[in-house]
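1. any chance you could fold what I've pasted below:
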Amino acid sequence: MRSDLALYLGARAFGQVGHNLFIATLFFIAGTGDHAAVGLGSVMAATTISAMVFGIPGGAVADRLGPGRGFALGSSLRVLAIGFALVWATSPAAVVVIGFAYAAVSQIHNPSEMALVKVLGDRTAGRMHSLLVAMQYGGQALGFLVLAPSLYFLGGTEAALAGALLIVGGQLILSNVLAVRLRRDADPASGGCQRSGFRETLSVFARSEPARDALAVQALKSLVAQVILVAFPLYVEHDLSLGAQGAAVLLVPGIAGAAVGLLWAATGLTLDGTVRAMRLSILGMAVAVFALAALDYGVNFAFAYSQVPPLVRFEAAMNMTVVIAMPVAFLIGATLSVSMVSSRSALTAAAPLGIQSRVFAVQATVADALVVFPLLFAGVAAELLGARSTLGALGALCAVTWLLMWHPRFQLAVLARRAEAVQ
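-> Numbers count the residues shown, from 1 in each chain. Now for the predicted structure:
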């Protein structure tokens with residue numbers, strides 16, 4: 001089992017780095033046309049639409065094959081898509097088509113990758129998912145920030161695509177070896193589920209409160225992360241009154257918070273504590289975005305009218321918005337990490353092995369569907385209403401979601417009873 005786990009983690013590492021290098025290269029090519037913004041937006045729209053269309057069918061294919069063989073097939077198809085990109089990705093229009101195809105085949109790869117956690121680390125799901133999220137962050141940093149610009153500088157997009165193909169090729173080898181080992185050892189992951197259908201998949205969410213919470217948490221986590229990303233430049237420029245260094249001022253505590261959140265989830269998150277962790281993470285997001293939106297105004301007001309000379313001098317000497325934003329960035333990093341690990345752990349525990357991939361596919365599809373339309377308006381809202389108003393609206397959404405998850409009136413017990421009757 002340890003050797004199987006090592007193969008899985010190695011394949012995950014190669015896949016994350018290669019995936020992010022490939023996506024960054026697609027963005028490079030899409031942004032080189034006469035209408036860079038349109039090209040980048042088209043790639044993002046194509047990948048999102050593809051994920052929504054093929055998410056649930058891809059999860060069904062992965063469950064039919066079993067997580068091991070589904071992971072291997074998904075890796076193989078990703079290599080094929082990157083190979084096509086190396087030959088045909090010569091224009092922004094071609095990149096849109098390739099991005100759509102790559103996202104489509106990823107819908108077999110991604111749920112299979114998550115389903116393998118139940119096979120290889122079910123008793124330590126929190127630790128496993130924490131490690132996977134840490135590898136995801138590391139893959140994003142290495143792929144986007146290090147390899148993509150370095151290879152582009154050395155040999156242009158061709159070198160970057162060749163590098164992505166080589167790295168994902170490493171995942172292809174390891175994932176196929178893992179699939180053979182699981183099948184040879186007669187592991188349940190080597191075979192698929194032939195009888196369970198979409199109704200059984202939905203019944204997991206109907207009867208399991210943690211699984212329903214995980215749907216909401218994953219969608220809101222994605223929305224918070226992406227809206228903050230959209231509003232961040234305006235917030236740094238207009239509210240923090242900082243230049244390029246403003247990103248570093250908030251990036252460092254944000255990274256520290258993400259690391260602390262992952263460390264806690266790896267060591268302190270138990271199966272029984274996933275629901276509490278998910279709800280606290282949503283509450284933490286609400287507090288954080290409200291703090292970014294308005295807390296510095298309140299602190300400035302209190303200091304200015306306190307009539308306590310040291311406080312008045314402190315308020316006059318400090319940029320209170322920056323002082324508030326730094327610990328808030330730490331809180332955002334921690335809550336995003338904890339929400340991701342706890343929600344994935346809840347889904348791993350709630351779903352039987354035979355429908356694991358479909359459950360994760362449903363979660364991803366629902367998250368994309370709920371997030372895509374608010375994101376379309378987030379940039380416009382930030383431009384017209386300002387970053388603070390956008391963050392305030394996001395904080396209100398977090399607070400309402402937390403209330404719906406916490407209050408017994410909204411626990412949907414009737415769905416759970418119906419699900420039990422189906423069993």
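
2. domain map for this structure?
-> 2-192, 199-422 (automatic domain parsing).

3. pLDDT weak spots in the stretch 1-150 of the chain?
-> 1, 33-38, 122-123 (pLDDT under 70).

4. hey, where'd the helices end up in it?
-> For the stretch 1-150 of the chain, the helices defined by DSSP state H, counting those that start in this stretch occupy 2-30, 36-65, 67-88, 92-121, 125-140, 148-184.

5. now those as TSV including distance to Gly273?
-> For every residue, glycine as well, the C-beta is placed using N, CA and C. TSV is the format used below for these (distance: least, Cβ to Cβ, whole Å):
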stretch	distance to Gly273
helix 2-30	24
helix 36-65	27
helix 67-88	25
helix 92-121	17
helix 125-140	9
helix 148-184	30
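
6. closest one to Val249 among the ones you listed?
-> helix 125-140 (19.6 Å; Cβ to Cβ).

7. that closest one vs helix 148-184, what angle?
-> On the basis of axes from the mean of the first three to the mean of the last three Cα atoms, to 10 degrees, helix 125-140 is oriented at 140 degrees to helix 148-184.

8. what packs against helix 125-140?
-> Where contact means 3 or more Cβ pairs under 8 Å, 6 or more residues apart in numbering; DSSP states H and E, helix 125-140 is packed against helix 2-30, helix 92-121, helix 245-268, helix 320-350.

9. one more time with 6 Å, if that's ok
-> helix 2-30, helix 245-268, helix 320-350 (3 or more Cβ pairs under 6 Å, 6 or more residues apart in numbering; DSSP states H and E).

10. with respect to burial, which of those scores highest?
-> The highest average neighbour count among the helices and strands packed on helix 125-140, using mean count of other Cβ atoms under 10 Å, belongs to helix 320-350 at a mean of 23.

11. which other helices and strands does it contact?
-> helix 125-140, helix 209-234, helix 245-268, helix 274-290, helix 296-304.

12. pLDDT of the last one, averaged?
-> In other words, helix 296-304. In this model, helix 296-304 has a mean pLDDT of 61.

13. re the thing from before, could you work out which of the helices of the stretch 1-150 of the chain reaches nearest to Val275?
-> Taking those one by one with Cβ to Cβ, helix 125-140 is closest: 12.8 Å.

14. quick one: contacts of that closest one?
-> For helix 125-140, contacts defined as Cβ atoms under 6 Å, 6 or more residues apart in numbering pick out 12-13, 16-17, 20, 117, 121, 262, 265-266, 269, 340-341, 344-345, 348.

15. right, and Ile82 touches Gly163 too?
-> No. Ile82 sits out of contact with Gly163 when judged by Cβ atoms under 6 Å, with a separation of 10.0 Å.

16. can you list residues touching both of these two?
-> Contacts common to Ile82 and Gly163, judged by Cβ under 6 Å, 6+ apart, are absent.

17. who's more crowded, these two?
-> Per other Cβ atoms under 10 Å, whichever of Ile82 and Gly163 has more neighbours is Ile82, with 27 against 24.

18. now the more buried one: closest residue in space that isn't a chain neighbour?
-> Leu165 (4.7 Å; Cβ to Cβ, 6 or more residues apart in numbering).

19. burial of that neighbour, as a residue count?
-> 21.

20. check the gap between it and Thr157 for me.
-> 12 Å (Cβ to Cβ, to the nearest Å).

21. same check on Met340?
-> 31 Å.

22. then Val260?
-> Taking Cβ to Cβ, one finds Val260 at 37 Å from Thr157.

23. so which of the helices of the stretch 1-150 of the chain gets nearest Met326?
-> Among the helices of the stretch 1-150 of the chain, helix 125-140 sits nearest to Met326 (Cβ to Cβ), with 19.8 Å.

24. which parts of that closest one are buried?
-> Residues of helix 125-140 classed as buried by neighbour count (16 or more other Cβ atoms under 10 Å): 125-137, 139-140.

25. what's the answer for stretch 42-59, then?
-> Of the residues in stretch 42-59, those buried (16+ other Cβ under 10 Å) are 42-44, 46-48, 50-52, 54-56, 58-59.

26. for Pro67, which non-adjacent residue is closest in space?
-> Closest to Pro67 by Cβ to Cβ, 6+ apart is Ala115, at 3.9 Å.

27. I figured that neighbour hits Leu65, correct?
-> No. Counting by Cβ under 6 Å, Ala115 does not reach Leu65; the two are 10.4 Å apart.

28. pick out whichever of these two has more residues nearby.
-> Neighbour tally, Ala115 and Leu65, criterion other Cβ under 10 Å: the higher count belongs to Ala115, 31 against 23.

29. residues contacting that one?
-> 67, 356-357.

30. okay if I get those as CSV plus distance to Ala30?
-> Shown next, in CSV, are these (distance: Cβ to Cβ, whole Å):
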residue, distance to Ala30
Pro67, 33
Gln356, 34
Ser357, 30
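
31. which of those tops the neighbour count?
-> Going by other Cβ under 10 Å, Ser357 tops these with 35 neighbours.

32. that residue: which element?
-> Element membership for Ser357, per DSSP states H and E: helix 356-385.

33. now Asp272
-> Per DSSP H and E: nothing holds Asp272, as it lies in no helix or strand.

34. how near is it to Val260?
-> In terms of Cβ to Cβ, Asp272 sits 22 Å off from Val260.

35. Ala288 now?
-> Counting by Cβ to Cβ - Ala288 and Val260 are separated by 14 Å.

36. I figured Leu262 was touching Ser337, is that so?
-> Yes. Using Cβ under 6 Å, Leu262 makes contact with Ser337 at a distance of 4.9 Å.

37. find the residues that touch each one of the two.
-> Common neighbours of Leu262 and Ser337 (Cβ under 6 Å, 6+ apart) do not exist.

38. how many residues are close by the residue nearest to Glu113 when sequence neighbours are not counted?
-> Excluding the flanking residues, the one nearest Glu113 by Cβ to Cβ, 6+ apart is Phe71, at 5.7 Å. Using other Cβ under 10 Å, Phe71 has 34 neighbouring residues.

39. can you tell me the closest non-neighbouring residue to Ser76?
-> Leu172 (5.8 Å).

40. thought that neighbour was touching Ser75?
-> Yes. Applying Cβ under 6 Å, one finds Leu172 in contact with Ser75, separated by 4.6 Å.

41. so which of those two has more stuff around it?
-> Remark: of Leu172 and Ser75, Ser75 carries more neighbours, 30 against 22, as counted by other Cβ under 10 Å.

42. thanks a lot, see you next time.
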